[in-house]
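A.B. asks: Structure for the following, please:
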Amino acid sequence: AEETSDSDLVLSSCDVNLLPSGCQNGSCSQAALYYTAVMDFTTDGDTVTRIGAEPVHSGSFLWNGYAPDPVQITVKDIPTVYCYSFTDPHIITFDGRVYDNFNTGTFVLYKSASRDFEVHVRQWDCGSVDHPASCNCGFVAKEGGDIITFDMCSGQLHESQPHLAVKTQESAEPNFRITESYHGRKMTISFSSGAFVRADVSDWGMSLTLRASSMDFGNTLGLCGTLDGNANNDFHDKKGVQLEETSHGRLYFINEWRIPAGESLFDKIPISPPQTIEKTKYCSCAPTTETIPPQSPNTLLGNSPLVVPICTGRENVRFLTLIPVLDVTNEYVFSTDTSRDLRKRSVDNVQESNPLSVEVDVQGELSTISMDFKNVSRRTVLSRRPPHHVGIRRKENVTMNRAKRQSYYEDVSTFPYQSLSQTDLEGFSYFFPEDHSTETLPELLPSWPTPSGLTHSYVSAVCQQAVFNSSIGKLCAGFLEKRLMDVIDMCITDILLKDDLGWTEAGLALLENECEKKILDLRQDQARTFHVPIEKIVLELRCPNLCSSNGQCMDWGCACFDGYSSYD
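C.D. replies: Numbers count the residues shown, from 1 in each chain. Here you go, the predicted model:
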């Protein structure tokens, strides 16, 4: 079969063998060839591809010169969409609806209604003494028999470190990729369907970015909404039925997707049905100079009878990134310890790992990285807030054990929890108190000024300055106007709830991810038309803030000078 190297179509094989057989019903031989659309996450419009074959060169008069009729295929372009769950968290659905989920607990963030894929998220208490609030502290992603966790929920706020684990794996050759960026500040789990989950890690928890697979268009459920281009129907029940727009519609929607304690992927590993049909491998069938003899004299080839393009498989999804990544999949898949703490690497270790890089030539042509493929028997009240927080008094002689969740504080938490017995706890991988909240929080209506005296006008000015004066904000302002305002609104709300100016730049990672998405989404001619400063943006994504003058910008990111070990 034959198709162009930049085609949006891939084939199950680049050559077809027509084996001799008895002629019947006008057919003397037949063979099957499968095709599928490429998920390239680029807005390039609908395309038409012609599948054809070169004539057979054979000594048999029956087959010599034979070529089947070409087939024309139209590939429909589906937009690339992200769902964001940032800081408090503030959620932006796949279709762009913005709302807040200040509740704690475990929730379904993204679930496919057409295939075996879902993402669960945990949100812990990260509020101030005066106002309750929640933050993401971990997620579990499942595609088929592959289940991967990235979790810091078993520890204490501002103390816990994220922990990545491959809980189950469907096949010996992984169908996913685990990559890290910015010395571990940004972790991405990419699946063979094209979906990914990205975590931007902080000491208070993590912000999440989810990319939907185009296979799920019109078939998504959960807090990320219904991916159908209509933001008005994003609030839905477990059957996908749109909920009425009432004053309490948002809270009802959030509670609809809350998972009972012990029932989530954090605590249970569901049994996936056995895979009876082997997944089809797809090839781009691009021309190659390597000569491989045909398997039989009756081989239909994609190019010439002496050159068969090499099929590497999994070419129906193109994993592209501008943010430099280090593929660490093998550290978790082919290790005897498939569950590891995430620790920062030294510069030497990063260089030895041969990370992928990105280059931009002097003409501004964009090149991208391409990747292949518990003892609690009494009523307890537990606070996430660190000991140094205002109003917190730690008990004397309390032994802290973050893994077992045996740290207790005298203050009364904003979130009440139900009493649990030892039997209740046996079904949990660890005790997560937020899963046992006994009340649903009312609508939060904090007012200005904050308890420390911060006013709305002052905080608004601080947030606008932080976003508009950030390097990524300046460079991407031309095509991120809506998201810039979203991040400013998030910043204002975060500071209102936390009464802490330390949250001013917490949403800038969203601009990194959205800017990368927009650049990958644009074609070269569009980028030039919009006068997008591609070279400067790529440099900023590679080395944020030019390594803050405390490191050297390399192709793979920042090489920190002595005395510095990570990104800002």
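A.B. asks: Can you show me the helices along the protein?
C.D. replies: 249-256, 329-333, 347-352, 422-425, 456-468, 471-476, 481-498, 508-521, 524-529, 534-542 (DSSP state H).
A.B. asks: Would you mind checking which of those helices scores lowest on average pLDDT?
C.D. replies: With a mean of 38, helix 347-352 has the lowest mean pLDDT of those.
A.B. asks: picking that back up, so which of the helices of the chain is nearest S437?
C.D. replies: Of all these, it is helix 249-256 that lies closest to S437, at 11.1 Å by Cβ to Cβ. Bear in mind the C-beta positions are built from the backbone N, C-alpha and C, glycine included.
A.B. asks: chain center to the closest one, what's the gap?
C.D. replies: Put simply, helix 249-256 sits 24 Å off its chain's centre (Cα atoms, centre = their mean, to the nearest Å).
A.B. asks: Any buried residues in it, and which?
C.D. replies: For helix 249-256, the neighbour count (16 or more other Cβ atoms under 10 Å) marks 250-251, 253-254, 256 as buried.
A.B. asks: again, but for stretch 456-467
C.D. replies: 459, 462-464, 466-467.
A.B. asks: and which of those residues is nearest to T36?
C.D. replies: Nearest to T36 among these is V467, at 40.4 Å by Cβ to Cβ.
A.B. asks: which ones are touching the closest one?
C.D. replies: V467 makes contact with 473, 484, 487-488, 491, 507-508, 511, according to Cβ atoms under 8 Å, 6 or more residues apart in numbering.
A.B. asks: Test for you: state the pLDDT assigned to the residue lying closest to G45 once chain neighbours are set aside.
C.D. replies: Of all residues not flanking G45 in the chain, D77 sits nearest, at 5.2 Å (Cβ to Cβ, 6 or more residues apart in numbering). pLDDT, D77: 85.
A.B. asks: Name all residues that make contact with D77.
C.D. replies: By Cβ under 8 Å, 6+ apart, D77 lies in contact with 8, 43-47.
A.B. asks: Could you identify the buried members of the residues you listed?
C.D. replies: If we count by 16+ other Cβ under 10 Å, the contacts of D77 have these buried: 8, 47.
A.B. asks: of the contacts of D77, closest to F561?
C.D. replies: T43 (40.1 Å).
A.B. asks: so what's the nearest residue to N230 once chain neighbours are set aside up against?
C.D. replies: Of all residues not flanking N230 in the chain, D95 sits nearest, at 6.1 Å (Cβ to Cβ, 6+ apart). Going by Cβ under 8 Å, 6+ apart, D95 touches 81, 225-231, 234.
A.B. asks: so how far is S114 from the nearest residue to A195 once chain neighbours are set aside?
C.D. replies: The spatial neighbour of A195 that comes closest, neighbours along the chain excluded (Cβ to Cβ, 6+ apart), is S213 at 4.3 Å. In this view, S213 and S114 are 10 Å apart by Cβ to Cβ, to the nearest Å.
A.B. asks: Which one's more surrounded, these two?
C.D. replies: More neighbours surround S213 than the other of S213 and S114, with 24 against 12 (other Cβ atoms under 10 Å).
A.B. asks: Which pLDDT value does the model give that one?
C.D. replies: 94.
A.B. asks: quick one: it from F196, how far?
C.D. replies: In this structure, S213 and F196 are 9 Å apart, going by Cβ to Cβ.
A.B. asks: same question, Q30
C.D. replies: Distance check for Q30 against F196: by Cβ to Cβ, it reads 39 Å.
A.B. asks: Compare the two (neighbour count), which wins?
C.D. replies: Counted by other Cβ under 10 Å, Q30 and F196 do not tie: F196 has more neighbours, with 22 against 10.
A.B. asks: Quick check: beta-bridge partners of the more buried one?
C.D. replies: Going by DSSP bridges, F196 is paired in beta bridges with S190, R211.
A.B. asks: Stretch 467-485: which residues count as buried?
C.D. replies: Neighbour counts over stretch 467-485 (16+ other Cβ under 10 Å) mark 467, 470-473, 475-477, 479-480, 483-484 as buried.
A.B. asks: now these as CSV including distance to Q123?
C.D. replies: CSV is the format used below for the buried residues of stretch 467-485 (distance: Cβ to Cβ, whole Å):
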residue, distance to Q123
V467, 24
S470, 26
S471, 30
I472, 26
G473, 27
L475, 32
C476, 28
A477, 31
F479, 31
L480, 26
R483, 22
L484, 25
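A.B. asks: so which of these comes closest to L546?
C.D. replies: S471 (7.9 Å).
A.B. asks: got TSV for the helices of the chain, with distance to T450 too?
C.D. replies: As requested, those are exported to TSV (distance: least, Cβ to Cβ, whole Å):
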stretch	distance to T450
helix 249-256	24
helix 329-333	42
helix 347-352	41
helix 422-425	38
helix 456-468	8
helix 471-476	24
helix 481-498	6
helix 508-521	22
helix 524-529	42
helix 534-542	32
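A.B. asks: Could you list the domains of the protein?
C.D. replies: Each domain of the chain is listed here as a residue range: 1-37+44-77+280-309, 82-273+319-371, 456-560, per automatic domain parsing.
A.B. asks: and those as JSON lines, adding distance to P449?
C.D. replies: As requested, the domains of the chain are arranged in JSON lines below (distance: least, Cβ to Cβ, whole Å):
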{"stretch": "domain 1-37+44-77+280-309", "distance to P449": "49"}
{"stretch": "domain 82-273+319-371", "distance to P449": "12"}
{"stretch": "domain 456-560", "distance to P449": "8"}
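A.B. asks: Of all these, which one is nearest P433?
C.D. replies: Comparing the domains of the chain against P433 with Cβ to Cβ, the closest turns out to be domain 82-273+319-371 (8.4 Å).
A.B. asks: So what's the gap between that closest one and the chain middle?
C.D. replies: Distance, stretch centre to chain centre, for domain 82-273+319-371: 5 Å (Cα atoms, centre = their mean).
A.B. asks: Would you mind measuring from the residue lying closest to N175 once chain neighbours are set aside to V487?
C.D. replies: Excluding its sequence neighbours, the residue lying closest to N175 (Cβ to Cβ, 6+ apart) is S192, at 4.4 Å. Going from S192 to V487 by Cβ to Cβ gives 31 Å.
A.B. asks: which one of these two has more residues nearby?
C.D. replies: Between S192 and V487, V487 has the larger neighbour count (other Cβ under 10 Å), namely 28 against 20.
A.B. asks: Tell me the confidence at the closest residue to the more buried one other than its chain neighbours?
C.D. replies: Closest residue in space to V487, ignoring its immediate chain neighbours: G507 at 4.1 Å, by Cβ to Cβ, 6+ apart. In this model, G507 is scored at 97, pLDDT.
A.B. asks: Same question for T450.
C.D. replies: For T450, pLDDT reads 94.
A.B. asks: Provide the backbone phi and psi angles at it.
C.D. replies: Main-chain dihedrals, T450, degrees, to the nearest 10: phi -70, psi 170.
A.B. asks: any idea how far S181 is from the closest residue to it other than its chain neighbours?
C.D. replies: Counting by Cβ to Cβ, 6+ apart, T450 lies nearest to D499, which is 4.2 Å off, once chain neighbours are set aside. Per Cβ to Cβ, D499 is found 31 Å from S181.
A.B. asks: isn't Q161 right up against C153?
C.D. replies: No - counting by Cβ atoms under 8 Å, Q161 sits too far from C153 to count as a contact (11.6 Å).
A.B. asks: Nothing else from me, thank you.
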